[in-house]
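How does the following fold in three dimensions:
(2 chains)
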Amino acid sequence: GAVVSQHPSWVICKSGTSVKIECRSLDFQATTMFWYRQFPKQSLMLMATSNEGSKATYEQGVEKDKFLINHASLTLSTLTVTSAHPEDSSFYICSAIGPPTYFGPGTRLTVT
Amino acid sequence: GENVEQHPSTLSVQEGDSAVIKCTYSDSASNYFPWYKQELGKRPQLIIDIRSNVGEKKDQRIAVTLNKTAKHFSLHITETQPEDSAVYFCAASTTPGTASKLTFGTGTRLQVTL
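Numbers count the residues shown, from 1 in each chain, chains lettered A, B, ... in the order given. Here you go, the predicted model:
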């Protein structure tokens, strides 16, 4: 099946700094990718739809200026958490294509 | 937008018994309903899915049923085993363009005891 990778798998950063998470489709082209966030013991919540060559579409309640998404190529979407705070600590997962949907392995972000 | 409700939130069964998890969705445009198993710290793993033109699908010990009229779908696991213990999520999806946009249920923590 299709492979989606994410980097880094985990990251610890200090409050106020920015963190970039990469999502790559390794063996296929993805014009659309999705970014999800999962807090401990909770469900996955869709944050935004990443569209190659155009602006991302954000779900209600997600700050587009805080979570910057760039989908500059058909195999790479990036999520940058700007001015991260402890409440941004979460598990971030990207997905591509579907059905069926292929998920990246996720990135555990911890903001201290 | 789509809203998916899932019950129960926790489920404990004895090994060999059956487990049933139920979900309801709100958007009649949803046309794809996958079920995922997620272990701690890992990505969701697709275990079975069903499309809106099918009422039931089975894969060995796992089956899913869909009632489009009532907008609900269920996961059935028979002959449960300890390795079935995990968190299970249902999801409903539309497919805008070339990818599935998933709305997840709240999850069910299944515990299979010996």
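
Quick check: the residue of chain B nearest chain A.
For chain B and chain A, the shortest gap (CB to the nearest CB) falls at B:Ser100, measuring 3.1 Å. Bear in mind the C-beta positions are built from the backbone N, C-alpha and C, glycine included.

so that residue touches A:Ala96, yeah?
No: counting by CB atoms under 8 Å, B:Ser100 does not reach A:Ala96; the two are 9.4 Å apart.

Helix or strand next in line after the worst-scoring helix or strand of chain B on mean pLDDT, which one?
Least confident helix or strand, chain B: strand B:101-104 with a mean of 92, by mean pLDDT, DSSP states H and E. Once strand B:101-104 ends, the next helix or strand along the chain (criterion: DSSP states H and E) is strand B:108-113.

Chain B against chain A: which residues are in contact?
B:1, B:32, B:34, B:41-44, B:46, B:49, B:51, B:89, B:93, B:95-107 (CB under 8 Å from any CB of the partner chain).

Try it again at 6 Å.
B:32, B:43-44, B:46, B:97-100, B:104, B:106-107 (CB under 6 Å from any CB of the partner chain).

sorry, back to before: which ones are touching the residue of chain B closest to chain A?
Listed by CB atoms under 6 Å, 6 or more residues apart in numbering or on different chains, the contact partners of B:Ser100 are A:98-99, A:101, B:93.

Of those - the most surrounded one?
Tallying neighbours with other CB atoms under 10 Å in any protein chain shown puts B:Ser93 at the head of the contacts of B:Ser100, with 28 neighbours.

confidence score at it?
B:Ser93 carries a pLDDT value of 90.

how about the strand or helix carrying it: buried residues?
In this structure, B:Ser93 is located in strand B:86-94 according to DSSP H and E. Along strand B:86-94, these residues count as buried under the neighbour rule (16 or more other CB atoms under 10 Å in any protein chain shown): B:86-93.

Please, which helix or strand holds A:Asn70?
Using DSSP H and E, A:Asn70 maps to strand A:67-73.

Quick check: can you name the pairing partners of that strand and their directions?
Here strand A:67-73 has these sheet partners by DSSP bridges: strand A:76-81 (antiparallel).

What are the buried residues along the strand it pairs with?
For strand A:76-81, by 16+ other CB under 10 Å, it's A:76-79, A:81.

Then stretch A:62-79?
Result for stretch A:62-79 [16+ other CB under 10 Å]: buried residues A:62, A:67-69, A:71, A:75-79.

Likewise for stretch B:54-63?
Buried-residue list, stretch B:54-63, by 16+ other CB under 10 Å: B:62-63.

what's that stretch in contact with?
By CB under 6 Å, 6+ apart, the surrounding residues in contact with stretch B:54-63 are B:47-48, B:50, B:64-66, B:76-79.

Report the two of those separated the most.
Greatest spacing in the contacts of stretch B:54-63, by CB to CB: B:Leu66 and B:Glu79 (22.3 Å).

Of these two, give the one with the bigger neighbour count.
Neighbour count, other CB under 10 Å: between B:Leu66 and B:Glu79, B:Leu66 has more, with 21 against 11.

In contact with residue 25, which residues?
All of this is about chain A. Neighbour list for A:Ser25: A:4, A:75, A:96 [criterion: CB under 6 Å, 6+ apart].

Chain B was what I was after
Applying CB under 6 Å, 6+ apart, the residues near B:Tyr25 are B:4, B:71, B:92.

The second one: neighbouring residues, count only.
Spelled out, it's B:Lys71. Neighbour count of B:Lys71, defined by other CB under 10 Å: 16.
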